[in-house]
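Colleague: Fold the stuff below for me.
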Amino acid sequence: MSDTLGLRARWVLAEEGGRSTLLPDATVVVRDGRIRDVMPAGAEGAPDDTRLLGAHLLMPGFVNSHTHCVSGPLFRAVLEDRDYTSGGGSIISDVMMPLGRIISALCDEDDIRAIAALGQLEALCAGSTTIVDMPRADHDGFALAAADIGLRAQIHPYLMSPPGAEWRLDAQDDDSDAGLETFLRWHARFDGGTTGRIRIGLGPHAPDTCAPDLLRRIARARDHHGAPVTIHLAQSGDEVAQIHARLGMSPVDYLDRVGLLQGGLIAAHCSDATDADLALMASRGVVVAHCPLSYARIARMVSRQRFLDHGLRCTVASDAHALDIVADLRLAAINGKYATGKVAAAPAHEMVAAATVEAADALQRSDLGRIRPGATADLIAIRMDSAHLQPVYDPIKTLVWNGGGQDVDFAMVDGEVLLRDGRFLRADPAAIVAKGAAVTNRVWERARAQGII
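Modeller: This next block holds a predicted model:
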């Protein structure tokens, strides 16, 4: 059997001259995990093993730059439609963090592996071939699940300061690795290097949960190991108020003071950052991971356009509520139009770029998020012949405005076909779903008993 595979589709979203272009009836040639050629319609010399995908859009796999694949199943239909205004609490403190503590206390490594596999399968089947995820520090099963599912995972275990941490910028911190034990263990056990399917990064949870000494250690570890960093930043008014009360500055200024605000940092949300904060972030080369559906579910509209207006690079990602990134692309487009009052704002092609090529660049992976010779073969195909998608005037607009993750029926990572005709190939998907759902239901039972949900 040939080790060269051709994929021919009605539309191919390829890169030509540094720009994304829709090529009709083109063939993408894959060998040894790389794209070797993009052949236009009618070109001779296609591989003997060429699969005719038919009425499909073949495109780069989504690079989902902020996910929580354990929280996706855990939070499903739990967070919505609740009243968070009474009692002075918040969605984070009232539900998210308590559920996280229950899952850590109740679940062993195999349980975490089961829930993570369910979330990762959802992400892959909805078109995300790469995820940037922040699991809890004791969830070693997350990386094991990623290896089982086969998607590309940049994993940033949560790092948080213990109760009683000292909140003084002038406090002396030693050169120890205190607080970094999980990162060091996972890095030694799972990290596959800059081009591996699994990469381990540093995941400080948020400014209000990470004291200055820990953030300085994280900055040193970043430099020593060449490890990527991501963090939730200015994600709520509570966080902003707490950092002002503790340190007399904004969360963004705080990260700058401890050496974390620099190029390569992916900052999730930033909904409560001030204009001055955003200008500082742009000057440092920070990338914002924008997750509009998470905020819409709690009655807040956040527009990607605000970040762009301040000169920031801004990806679109799915966060913890659901892992169908197309839903976030659609809402990002709606919010952009609403915020600017311009119908032409936030066009569909721009939204797709924010979750492919621009997100790959945020990970400093110029080989991902595009279809061109030499790129890594992380690809998806969208079936475009369903009633809700036909007829097709522009396949990108059709996907963003009428489609969804359920329309993905082919996925490839590193040249390995993981999804064909909508079915996951490495294992029985029904068994993965059943096992992950069973563990999640056990967690919900405990949460109900404690009055959390």
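
Colleague: ok now do the closest residue to residue 300 other than its chain neighbours, which residues does it touch?
Modeller: Residue nearest to residue 300 in three dimensions, not counting chain neighbours: residue 271, with 6.8 Å by CB to CB, 6 or more residues apart in numbering. Every C-beta, even on glycine, is put in place using the N, C-alpha and C of the backbone. Contact partners of residue 271, counting by CB atoms under 8 Å, 6 or more residues apart in numbering, are 234, 235, 236, 295, 300, 302.

Colleague: and what of residue 217?
Modeller: Contact criterion CB under 8 Å, 6+ apart gives 173, 176, 177, 178, 179, 180 as the residues in contact with residue 217.

Colleague: gap between stretch 442-449 and the chain center?
Modeller: Its chain's average C-alpha position is 27 Å from that of stretch 442-449, according to CA atoms, centre = their mean, to the nearest Å.

Colleague: again, but for stretch 423-441
Modeller: Using CA atoms, centre = their mean, the mean C-alpha position of stretch 423-441 is found 21 Å from that of the whole chain.

Colleague: which residues are in contact with it?
Modeller: With contacts defined as CB under 8 Å, 6+ apart, stretch 423-441 is touched by 73-74, 76, 107, 111, 114-119, 121, 124-125, 148-150, 417-419.

Colleague: what about 10 Å?
Modeller: 70, 72-76, 78, 103, 106-108, 110-122, 124-125, 145, 148-150, 409, 411, 416-419, 422 (CB atoms under 10 Å, 6 or more residues apart in numbering).

Colleague: Of those residues, grab the buried ones for ChimeraX.
Modeller: Selecting in ChimeraX just the buried members of the contacts of stretch 423-441, where the criterion is 16 or more other CB atoms under 10 Å, is done with this command:
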select :70,72,73,74,75,76,78,103,107,111,112,113,114,115,116,117,118,119,120,121,122,124,125,145,148,149,150,409,411,417,418,419
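
Colleague: out of the contacts of stretch 423-441, which are inside strands?
Modeller: Judged by DSSP state E, strands contain the following of the contacts of stretch 423-441: 409, 411, 416, 417, 418, 419.

Colleague: Next one: the nearest residue in space to the third one that is not next to it in sequence relative to residue 78, how far apart?
Modeller: Read it as residue 416. Nearest residue to residue 416 in three dimensions, chain neighbours excluded: residue 150, at 6.4 Å (CB to CB, 6+ apart). Taking CB to CB, to the nearest Å as the measure, residue 150 falls 28 Å from residue 78.

Colleague: can you list the domains in the chain?
Modeller: Each structural domain of the chain that the record assigns through automatic domain parsing is listed here as a residue range: 4-59+379-413, 62-362.

Colleague: can you put the ones you listed in CSV and add distance to residue 447 and mean pLDDT?
Modeller: Listed next are the domains of the chain as CSV, based on distance: least, CB to CB, whole Å; pLDDT from 0 to 100:
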stretch, distance to residue 447, mean pLDDT
domain 4-59+379-413, 27, 97
domain 62-362, 6, 94
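
Colleague: Tabulate these in a markdown table, adding columns for distance to residue 446.
Modeller: Converted to a markdown table, the domains of the chain look like this (distance: least, CB to CB, whole Å):
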| stretch | distance to residue 446 |
| --- | --- |
| domain 4-59+379-413 | 30 |
| domain 62-362 | 5 |
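
Colleague: Out of the contacts of stretch 423-441, which sit inside helices?
Modeller: Judged by DSSP state H, the contacts of stretch 423-441 include 72-75, 103, 106, 110-122, 124-125, 145, 148-149 as members of helices.

Colleague: Near the residue lying closest to residue 228 once chain neighbours are set aside, how many other residues are there?
Modeller: Beyond its immediate neighbours in the sequence, the residue positioned closest to residue 228 (CB to CB, 6+ apart) is residue 201, lying 3.9 Å away. Close neighbours of residue 201, defined as other CB atoms under 10 Å, add up to 25.

Colleague: Let me see the contact set for residue 201.
Modeller: Counted by CB under 10 Å, 6+ apart, residue 201 has contacts 132-134, 154-157, 183, 186-187, 191, 221-222, 225, 227-230, 264, 266, 363.

Colleague: ok, residue 391 to residue 96 distance?
Modeller: Look at residue 391 and residue 96: by CB to CB, they are 43 Å apart.

Colleague: Flag every buried residue along the top helix by length along the chain.
Modeller: Using DSSP H to define each element, the chain has its longest helix at helix 429-449. Of all the residues in helix 429-449, those buried under the rule 16+ other CB under 10 Å are 429, 432, 433, 435, 436, 439, 440, 443, 444, 447.

Colleague: do the same with stretch 301-318
Modeller: Applying a neighbour-count criterion of 16+ other CB under 10 Å, one finds 302-308, 310, 312-318 buried in stretch 301-318.

Colleague: between the residues you listed, which is closest to residue 24?
Modeller: Within these, distances to residue 24 taken as CB to CB reach their minimum at residue 316, with 26.5 Å.

Colleague: just to revisit the earlier point, mind checking which of the contacts of residue 201 are in strands?
Modeller: Counted as lying in strands by DSSP E, out of the contacts of residue 201, are 132, 133, 154, 155, 230, 266.
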